[in-house]
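**Student:** Following is a predicted model, sequence given first.
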Amino acid sequence: MSNYRPLTTNHQSLNMSAEFPIPRAAYVHVPFCRHRCGYCNFTLVAGRDDLIDDYLRAIELELQSLGEPREVDTLFFGGGTPTHLPPESLGRLIRAVRGWFPLAEGYEFSVEANPADTNREMVDLLAASGVNRLSLGGQSFDAAKLRTLERDHTGDRLRQAVELAKAKIASVSLDLIFGVPGENLEVWQADLAAALALEPDHVSTYGLTFERGTAFWSRLIEGELGRLDEELERAMYAAAIDRLTASGFEHYEVSNFARPGHRCRHNEVYWSGESYFAVGPGAARYVQGRREMNHRSTTTYLKRVLAGQSPVADSETLAPADRAREMLVFALRRLEGIERTAFAAKTGYQLDSLVGEPLSRMTALGLLEDDGNRLRMTREGLFVSDAIWPKFLNR
Amino acid sequence: MSKIDCKHIRNFSIIAHIDHGKSTLADRLLEKTGTMEKRDMREQTLDDMELERQRGITIKARAVAMRYKHNGESYELNLIDTPGHVDFQYEVSRSLACCEGAVLLVDAFQGVEAQTVANAYAAMEHGLMIVPVLNKVDLKHARPDEVIAEMESVLAINPEEVLRCSGKTGVGTDELLAAIVERVPPPQGDPQAPLQAMVFDSHYDEFRGAITYVRVMNGTVRKGQKIRFVKAGTVYDVLELGQFVPHRRACTQLQAGQVGYLICNIKALGQVHVGDTVTVPGEGGAQPLPGYRAPQRMVYCGLYPSDGQDFEELRDALTKLSINDPSFEFEPETSDALGFGFRCGFLGLLHMEIIQQRLEGEADLDLVQTAPNVTYEILTTDGETLYIHNPQKVPDAGSIEEFRQPIVKVNFVLPVESIGPVMQLCTDRRGVYARTEYLSPTRAMLTFNLPLADVIYDMHDKLKSVTRGYGTMDYELVGYFPADLVRMDILVGGKRVDALSIICDRRDADRRGRAIVKKLRAEIDRHMFEIALQAAIGSRIIARETISAMRKNVTAKCYGGDITRKRKLWAKQKEGKKRMKSIGSVDIPQKAFLAVLDTSSEKER
């Protein structure tokens, strides 16, 4: 590219010290969707497929700022809807990304897919491109619930999508949402049963969150939508945990369940405080101890990158103690928790001198379990875990 | 300053209800007498404390000497500006003792208010000549005739003597100055007699130390001479003396009848006592002037740093403040719930608020304040009298012979249609009715004896609400009287929170206990566990509420892009807890410590 100018992101001039090894994970954000669902606050543009070419050029430019190809163990395409790209565009994107992020042996390559887009052609393309993990944004099998969520597929279409994916792709994950206005425990139980019947390898269950700035938020304020009773939400979450674990799934993170050998290794990178590359609008990277986030507006991102400017909108470098606290919190959201020895080795801090007081308080309250080395959330702690984290994040 | 004959001196103060325009009128007097040029003026010239300007109130007394020519003769007019609020009653009385006259200022729209009455009575008791003035006559809604009728009916003011002014436009200023000269008697006093001067205020100057404000009653004080403070028993050299015009201007002497200041290299304001008498050292000194009294703290509260580590900083800040304001006192205390802090005594609620604002403003400290309480007297079975400033110090019921509380006489000035509701308000608080006087067909003054404890917290707010803002009140201490009082404790999660204990009438205990635990339930956030809130007298639980446990509070999605956002969100929740105290594992917000003040009855809620 003749007009190439290096972008000033953290990708370039990597001068990795032992403290911050070179990332072995990469995230690519694909911001296109057919429609923005009412609850969604992700970085995306709906109905702007005219931007796809610019987007591909921008990603290629941003990737060049890596300077040299970086081998990764995990690669994750999220969105938006990666599968909303026309097959030739998606192919071009994957080629470019794999060029800069060559996949190491034993890699995990995940792509998020919309059930409505998941036809035979798409699955074949993904499989042929090396994708070995597909994450389907199914959300529900229930017609009324799907309507409320403004999803463009039916329960049957979702079933088909899972079957198609399972035939070609090594690991298939299904996202489910609970706590949707109007939903009751029976509807949720039926969704769980329908999901289990399809035998996916991985399930993510998300309690619906009303995010500021979404259509759902305004409808909540106007009283058009109502939150479910807290007790019901708790029962739904408990039902998910109980049904899935009884069916052989391991509950390994607040919202994530996997059959043995099918955890999402890429997401585990985030939760264990390891570093990762990222490209695309709104994408967040963590390189050399510095967190950066690209501009969340797709058009601004494109404008900046195509003009040779940095797409980074926010960045921060945490002090070592704060980094250790953050690491602790996100590690504890994994159900296996964290060992004191591992924490000390990773952060250089002794857990008890950093957060000894809240830690023993949370343990006494039965929210954390402490065997002297390993620390983990109890089932009760899991339900109210957001109330635990503030105690660990500040002095 | 050359010698001046008492005939050419007038000492007066201006007394008024808050917002009736005292400071603005004083500005006009300064301007008219040429004491201050118009271009040097800023509003409320005499209120130079930042807080006074912000709140539009006078906290400290001031004295300004003005020159005024009347019928060809030159007069020295000393304006002694006094605080009008009930908290500073004693300071007001000392200031009035330094004057021969008082300008009684009444807003031509608002009319006679409670502080008008209180201050006018105080001036009359001191035998001052009253110069009645109707202020704000330029107001569109002024109702001068009715207000003059009110002044006549309550204060026996002769309507023909009432002057009409406007501090805003300056109308009537000349007439007022002339009336001061003509009506206020000149001071009596013998410049040759032994020195006898009244200390009516003081302030602290960081370079000069304490500046003592005096009115010379007899004799003459000269630069360089030795003086003695009679009550304090201290002797100093007069390094400088002078008058305020309105800023300090040094002169060589002040003689009987004059008002001014003394600078004697006094390091702490606590060594200068308002009401003390200044004379010469040794045998030849004058008798002390009557009326001296140590400052009386009416209201106490605990002040604790939110962060226990700020204890020393708080001590420094309190020490610094007390240098400027010796009427406020503090001593260290410990609370199981709040850790190390101070029990602080104030002249009244306004005084408490002022000190607290100054602490937060000047020292940038994050404080937890406990509910204010009054001083109680307890006669023990051993015949000992205890003065209780802190509910935690109440001994076992078995060793109490008599439990006494301060009773105040409260005057309410209010529209007649509010008499019923205000009577109800007072009887709910065990008030004893004294009398009703009609100021006019539409306004009345209602007098009740009430426990001070009931008055200090919400009486003012309640009065404003039932009278739609038209009622005013003022009170004075009547004395301590026995009552059936008990200490009520509050338990949070089964633990007694000492800082939440209150003293109340036994007959009110159930109602107040229920109201407090209800209020606490609203103030304390849900936790990860259930919290029992109980009110108890001794071991008997009289009210209970429960804060149910949080059932589900969990962020579902947390991936690469969410980490920073979520961490900040969670960290901010912790930040919001700064003004909280953790007791056991319950976070109690600062506001909850004031919940015990909620005296509203259940039917009002």
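**Tutor:** Perfect, I can see it now.
**Student:** In chain A, spot the strand with the most residues.
**Tutor:** strand A:103-113 (DSSP state E).
**Student:** Off-centre distance for it?
**Tutor:** Offset of strand A:103-113 from its chain centre (CA atoms, centre = their mean, to the nearest Å): 14 Å.
**Student:** The residue of the stretch 51-200 of chain A found nearest chain B: what's it in contact with?
**Tutor:** Distances between the stretch 51-200 of chain A and chain B by CB to the nearest CB are smallest at residue A:78, namely 7.8 Å. Placement of C-beta: from N, CA and C, glycine included. Contact partners of residue A:78, counting by CB atoms under 8 Å, 6 or more residues apart in numbering or on different chains, are A:27, A:28, A:29, A:30, A:112, B:559.
**Student:** again, but for residue B:80
**Tutor:** By CB under 8 Å, 6+ apart, the neighbours of residue B:80 are B:11, B:12, B:13, B:61, B:62, B:63, B:95, B:98, B:99, B:200, B:215, B:259.
**Student:** go with 7 Å
**Tutor:** B:11, B:13, B:61, B:63, B:95, B:98, B:99, B:200, B:259 (CB atoms under 7 Å, 6 or more residues apart in numbering or on different chains).
**Student:** centroid residue for the chain?
**Tutor:** Just going to use chain A. The centroid of chain A falls nearest to residue A:267 when counting by CA atoms, centre = their mean (6.2 Å).
**Student:** not what I meant, chain B
**Tutor:** Within chain B, and using CA atoms, centre = their mean, the residue nearest to the centre is residue B:87, at 3.0 Å.
**Student:** What separation do you get for the nearest residue to that residue once chain neighbours are set aside and residue B:410?
**Tutor:** Of all residues not flanking residue B:87 in the chain, residue B:348 sits nearest, at 3.1 Å (CB to CB, 6 or more residues apart in numbering or on different chains). Residue B:348 sits 13 Å away from residue B:410, taking CB to CB, to the nearest Å as the criterion.
**Student:** for residue B:390, same thing?
**Tutor:** 25 Å.
**Student:** what does residue B:549 give?
**Tutor:** For residue B:549, the distance to residue B:410 equals 45 Å [CB to CB].
**Student:** Next up, phi/psi of the spatially closest residue to residue A:198 that is not a sequence neighbour, please.
**Tutor:** Spatial nearest neighbour of residue A:198, chain neighbours left out: residue A:162 (4.5 Å); criterion: CB to CB, 6+ apart. Dihedral pair for residue A:162: phi -60, psi -40, per degrees, to the nearest 10.
**Student:** what number of residues lie near residue A:162?
**Tutor:** 24 (other CB atoms under 10 Å in any protein chain shown).
**Student:** Do I have it right that it meets residue A:196?
**Tutor:** No - at 11.3 Å, residue A:162 and residue A:196 do not qualify as touching, with contact defined as CB atoms under 7 Å.
**Student:** if we can go back for a sec, which two of the contacts of residue B:80 have the greatest separation?
**Tutor:** B:11 and B:61 (12.7 Å; CB to CB).
**Student:** before we move on, back to that, selecting buried members of the contacts of residue B:80 in ChimeraX, what would you type?
**Tutor:** Filtering the contacts of residue B:80 down to the buried ones (16 or more other CB atoms under 10 Å in any protein chain shown) takes a single ChimeraX command:
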select /B:11,13,61,63,95,98,99,200,259
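**Student:** quick one: which of the contacts of residue B:80 is nearest residue B:73?
**Tutor:** Looking across the contacts of residue B:80 and measuring by CB to CB, the closest to residue B:73 is residue B:11, at 16.9 Å.
**Student:** returning to what we had before: and residue B:348 and residue B:410? Which one has more around it.
**Tutor:** Neighbours per residue, other CB under 10 Å: of residue B:348 and residue B:410, the larger number sits with residue B:410, 27 against 22.
**Student:** In three-state terms, label the more buried one for me.
**Tutor:** The three-state label given to residue B:410 by DSSP: H, G, I helix; E, B strand; the rest coil is strand.
**Student:** next one: the one 4 residues further on
**Tutor:** Three states are possible here, and by three-state DSSP the one that applies to residue B:414 is strand.
**Student:** my guess is residue A:58 meets residue A:302, correct?
**Tutor:** Yes - with contact defined as CB under 7 Å, residue A:58 reaches residue A:302; the gap is 5.2 Å.
**Student:** Could you tell me which residues of chain A lie near chain B?
**Tutor:** Residues of chain A found near chain B, taking CB under 7 Å from any CB of the partner chain as the criterion, are A:27, A:206-207, A:209, A:230-231, A:233-234, A:237, A:254-255, A:267, A:270, A:276, A:278, A:282-284, A:291, A:293, A:316, A:326, A:329-330, A:333, A:361, A:365, A:367, A:382-387, A:389-391, A:393-394.
**Student:** Mark which of those residues are buried, thanks.
**Tutor:** Counted by 16+ other CB under 10 Å, these give A:27, A:206-207, A:230, A:233-234, A:237, A:254-255, A:267, A:270, A:276, A:278, A:282-284, A:291, A:293, A:326, A:329-330, A:333, A:361, A:365, A:367, A:382-387, A:389-391, A:393-394 as buried.
**Student:** what ranges do the strands span in the stretch 251-400 of chain B?
**Tutor:** B:253-255, B:259-263, B:277-279, B:299-305, B:329-335, B:339-346, B:367-369, B:373-374, B:376-380, B:385-388, B:400-415 (DSSP state E, counting those that start in this stretch).
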